[in-house]
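> what would the 3D arrangement of this be:
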Amino acid sequence: MSDARTPAQIEADIVRRREQLAVTLDEIGIRVHPKTIVGDAKARVASTVDHTAGRAFAAVNRTVSDVKARFTHEDGAPRLERVVPVALVAVALVGLLAVTSRKRGG
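Numbering: from 1, shown residues only. Here you go, the predicted model:
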């Protein structure tokens with residue numbers, strides 16, 4: 001058994017390797033092209049923004065649900081023992097702001 005290759009086999013191997021190298025160089029050229037780099041960067045930023053916005057939305061939604069649960073019963077009816085004091089504080093603050101703005105403006 002001889003491991004010697006024929007010139008035709010060597011030449012075919014060179015052609016095959018040359019084609020593989022050309023494909024590899026084309027792929028490298030695409031990867032380092034400025035438009036590809038910018039596109040990849042934009043995609044990463046968009047993904048990060050989407051992820052951050054999704055987390056923010058979930059946090060806000062959870063907070064709103066928690067607040068709603070504190071001021072309503074399971075059936076959706078308001079908990080007057082909690083709503084009335086908050087409403088009174090809000091009215092008092094609005095009244096206080098109105099009085100202080102009149103004193104400044106008048």
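
> mind listing what's buried along stretch 51-71?
For stretch 51-71, the neighbour count (16 or more other C-beta atoms under 10 Å) marks no residue as buried. All C-beta spots, glycine's among them, are computed from the backbone N, C-alpha and C.

> and Val83, how many neighbours does it have?
Val83 has 13 neighbours, counted by other C-beta atoms under 10 Å.

> swap in Leu96?
Leu96 is flanked by 10 other residues according to other C-beta under 10 Å.

> equivalent analysis for Thr72, please.
For Thr72, using other C-beta under 10 Å, the count is 14.

> what about the residue nearest to it when sequence neighbours are not counted, distance to Lys68?
Distances taken as C-beta to C-beta, 6 or more residues apart in numbering put Pro78 closest to Thr72, at 5.7 Å, once the chain neighbours are dropped. According to C-beta to C-beta, to the nearest Å, Pro78 and Lys68 sit 10 Å apart.

> give me phi/psi at Pro78?
The phi/psi pair for Pro78 (degrees, to the nearest 10) reads phi -70, psi 150.

> pLDDT wise, what is it at?
pLDDT for Pro78: 91.

> next one: Gly106
With respect to pLDDT, Gly106 scores 57.

> before we move on, the earlier item: from memory the residue nearest to Thr72 sits against Phe71, does it?
Yes - Pro78 lies in contact with Phe71 (C-beta atoms under 8 Å); the separation is 6.3 Å.

> perfect, I'm done here.
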